[in-house]
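In: my questions are about this predicted structure, shown below with the sequence.
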Amino acid sequence: MASVPSKLYADDVSLLMVLLDTNPFFWSSSSLPFSKFLSHVLTFLNSILLLNQLNQVVVIATGYSSCSYIYDSTSAPSHGSDQGRMPALCSNLLQKLEEFVTEDEQLLKEASAEGTPSSLLSGSLSMALCYIQKVFRSGPMHPQPRILCLQGSSDGPDQYVAIMNAIFSAQRSMVPIDSCYMGSHNSAFLQQASYITGGVYLKPQQPDGLLQYLTTVFATDLHSRAFLQLPKSAGVDFRASCFCHKKTIDTGYICSVCLSIFCKHHKKCSTCGSVFGQAQSEVPSSTNRKRKASDT
Amino acid sequence: MPQVRIIAKNFMDMVAALPAMKLDKLYDNSFICEAILRSLPPLAKKYVLQMLCVELPVNSKSMEEWVLPDGASKHRVAIDRLVQLRIFTETKKKGDVTYTLNPIFQTNLKKLLVYGVVLPREPMPSSVTVRRPSSEELEAFALEQWECFLLQLINSSQTERPSNISSSMMKTFQRGLVTQRDREAPRLTESGFQFLLMDTNAQLWYIIREYITSSEERGIDSADLISFLLELSFHVTGEAYNINTLTEVQKNTIKDFTDLGLVKLQQGRKESWFIPTRLATNLSVSLTDTSSRKQGFVVVETNFRLYAYSSSKLHCEILRLFARIEYQLPNLIVGAITKESLYGAFDNCITAEQIISFLQQNAHPRVAERIPSVPENVTDQIRLWETDLNRVEMTTAYYYDEFPSRDLFDGAVDYARSYNGLLWEAPDDSKKMRLVVRAENHGHMREYLSGQK
């Protein structure tokens, strides 16, 4: 019979994990004020929830030194059924966000401020992936998850390993990472994340029209992506960070055993402990040998 | 697979068929905008969102650039649907086709996005509404009302307590589902059986559709009714809403809905209120192809015995359609699928596939995990018994006998064959000259034979 429902979920039911950058160092210098940015994002979240009653939205705030879940559409109605759905989104989210920002500020004061003012993207990516794993394991029926990074602050090379690990685990579980980068220069991390996981990387040309970018590109469910023209990345910055000084490098040394990257020659790999050859004097031959070893 | 005549999901077609004026009026209500947006195909939803902030008309050519070549057909479907529902307005100018979003729809959606959804009406504080049913009670109420209604629909004699649905209303619902020849007990038609085997949401939509189409006869505007229904589905299950916030027409409608189990009415000391049940709040959800799956209750064994863990009379009635019910315990119906019981079902135009899919869909959780959930020998046998019936084909025919000569007989056989009407002739070696010809060729045969004499 045609009326038999073949599956519980329609094709376009999605779970959207939004990683919201709240880094004060970036937003204080941004051309688009945070309040405006937030109103664009809230409208976008509303529209996702409006598209399908089974859609889920989870927002994770990415601060300078911490990250936290600040909104989950599945748990929201339980403690706010009288307020309805969407107004609750705004009030709940804003309240949680405020708490988060204050807490993050506290942590920032405790820690000594040094290095690049980057956000803890690796942490929030991992949290998003954990949440998605939980959804995957909840049963055979689950919405299709995807991650959207709304990032503004520049990359923190010291998070390179953690972020790459998160990217590969997202790739393994077939979760695309979309990224909307608000900063002035392209983010190599996010470019790679979207490239590897099959998501979309976009750097809005006009930050004022953020909502239109969000609804046009990032509201597309995974099912419709097969039919729609979406922005393609022009070029991806594949540069890596070295493990020893956390600097982004063009050329460097790679451990032939564990593929760790170093900017200078070391006697011993700091990651796996293998002892490198002593042929420091014969530089060309040693690099040759190393390349061969790492190729195999 | 048999073609299902009753398609419950084309409620949106019904909305689309409304005249333009009424449709525009519908879009005044933001709940309808929301419900309709959700019922659209994914690509169409996407387009609406994309066009939301675009005030200028968009050229169809540039719209086609949004999709990859693979998606051209989906794109067409999406655009057609949007135009059909008057969400997109099509303008043709000098060979150029442009689309604009319906301004009313656009404004309403924008409001929804920016300010969020407000509930259609404020629920009453729980201090006023005493004796509010628990969610289980409400669920049970809805189920009982609905089953009672269905029982009444198929078999008016079986109901314990008659519901308040007027007989004329019942007649409209029964239209197409039940036939009644004079003096005879009403019989379910083929689509009636299919209706019974559908899931609750699909049944509900069928009934609601009939209700809406018949509303014009009762002098109620169908657009008003649709908007009220969709609005109702956005209320919160289990909350009480003051009945005085409704218009006079809506008050009457809500009484009908009570009989269907969509809402429960309660009377307080001063005021009365209605409490939407899950049936009502699921209405707009089931517009898309999602549906809440009910727990099954039927266990079929390889020896053709059937155990149904249910106390529902309706289930018993449905099973009785194709199985022999042997005895009934408080929570269990025991029956057997027999050749006779199935022949009874086939006589009523229920197909084997329908029965099998009913058994599979309603399989008890214990057996539902197994593959197949219904034993293969049973499903095969049901199919075999059905094909048994199709083994003999009936054709009305004429029988010719006692031909005066062999020549005439042979001539008649050839003549009948030339009209492709020959069904049977006596074998050559037998002395008897006999012949069977299709009834429609009888006239020709008569002419031929009388001409030969």
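Out: Thanks, I have the structure now. Not measured: the values here are computed from a predicted model.
In: drop to CA atoms for contacts and neighbour counts, all remaining ones
Out: OK.
In: for the residue of chain B most remote from its centre, give its distance to residue B:447.
Out: In chain B, counting by CA atoms, centre = their mean, residue B:405 sits farthest out from the average C-alpha position, at 61.2 Å. From residue B:405 across to residue B:447, the span is 17 Å (CA to CA, to the nearest Å).
In: host element of residue B:430?
Out: Per DSSP states H and E: residue B:430 is located in neither a helix nor a strand.
In: how many residues are close by it?
Out: Residue B:430 has 8 neighbouring residues, counting by other CA atoms under 10 Å in any protein chain shown.
In: likewise for residue B:312?
Out: 17.
In: residue contacts, it?
Out: residue B:147 (CA atoms under 8 Å, 6 or more residues apart in numbering or on different chains).
In: domain assignment for the chain?
Out: In the absence of a named chain, chain A is used. Following automatic domain parsing, chain A resolves into domains at A:14-226, A:240-295.
In: try chain B instead
Out: Domain segmentation of chain B under automatic domain parsing yields B:11-115, B:135-287, B:298-389, B:397-452.
In: give the phi and psi angles for the residue farthest from the centre of chain B, as a check.
Out: When read as degrees, to the nearest 10, the backbone of residue B:405 gives phi -140, psi 160.
In: measure it to chain A for me?
Out: Distance of residue B:405 to chain A, given as CA to the nearest CA, to the nearest Å: 57 Å.
In: and the pLDDT at that residue?
Out: Confidence at residue B:405, expressed as pLDDT, is 84.
In: check the one 10 residues further on too.
Out: Per-residue pLDDT puts residue B:415 at 88.
In: in TSV, list the domains of chain B along with distance to residue A:45.
Out: Shown next, in TSV, are these (distance: least, CA to CA, whole Å):
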stretch	distance to residue A:45
domain B:11-115	9
domain B:135-287	19
domain B:298-389	36
domain B:397-452	70
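In: quick one: which of those domains is nearest residue A:198?
Out: domain B:11-115 (16.5 Å; CA to CA).
In: before we move on, the earlier item: least confident of the domains of chain B, on average?
Out: Among the domains of chain B, domain B:135-287 scores lowest, at a mean of 75.
In: longest helix of chain A?
Out: Identified as the longest helix of chain A according to DSSP state H is helix A:86-110.
In: what helices or strands is that helix leaning on?
Out: strand A:67-72 (3 or more CA pairs under 8 Å, 6 or more residues apart in numbering or on different chains; DSSP states H and E).
In: if you set the cut-off to 10 Å instead, what comes out?
Out: Of the remaining helices and strands, those touching helix A:86-110 by 3 or more CA pairs under 10 Å, 6 or more residues apart in numbering or on different chains; DSSP states H and E are helix A:24-27, helix A:34-51, strand A:56-62, strand A:67-72, helix B:103-115.
In: run through who's touching the shortest one.
Out: Contacts made with helix A:24-27 from outside it, assessed by CA atoms under 10 Å, 6 or more residues apart in numbering or on different chains, are listed as A:21, A:30, A:33-35, A:37, A:63-64, A:101, A:104-105, A:116-119, A:151-154, A:182-183.
In: do you know which of the domains of chain A lies nearest residue B:198?
Out: Nearest of these (CA to CA): domain A:14-226, 22.1 Å.
In: re the thing from before, from the domains of chain A, which stretch is densest packed?
Out: For these, the largest average neighbour count (mean count of other CA atoms under 10 Å in any protein chain shown) is found in domain A:14-226, namely a mean of 19.
In: quick one: average confidence on that one?
Out: 85.
In: distance from the chain centre to that domain, please.
Out: Its chain's C-alpha centre and that of domain A:14-226 lie 7 Å apart, by CA atoms, centre = their mean, to the nearest Å.
In: cool, and stretch B:195-204?
Out: With CA atoms, centre = their mean, you get 6 Å for stretch B:195-204.
In: JSON lines for the domains of chain A, including distance to residue B:440?
Out: Listed next are the domains of chain A as JSON lines, based on distance: least, CA to CA, whole Å:
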{"stretch": "domain A:14-226", "distance to residue B:440": "56"}
{"stretch": "domain A:240-295", "distance to residue B:440": "85"}
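In: out of the ones you listed, nearest to residue B:172?
Out: Nearest to residue B:172, of the domains of chain A and by CA to CA, is domain A:14-226 at 32.5 Å.
In: would you mind measuring the gap between the ends of the closest one?
Out: 15 Å.
In: also stretch A:153-168?
Out: Start-to-end span of stretch A:153-168 (CA to CA) is 22 Å.
In: and what of stretch B:223-241?
Out: Using CA to CA, the two ends of stretch B:223-241 sit 22 Å apart.
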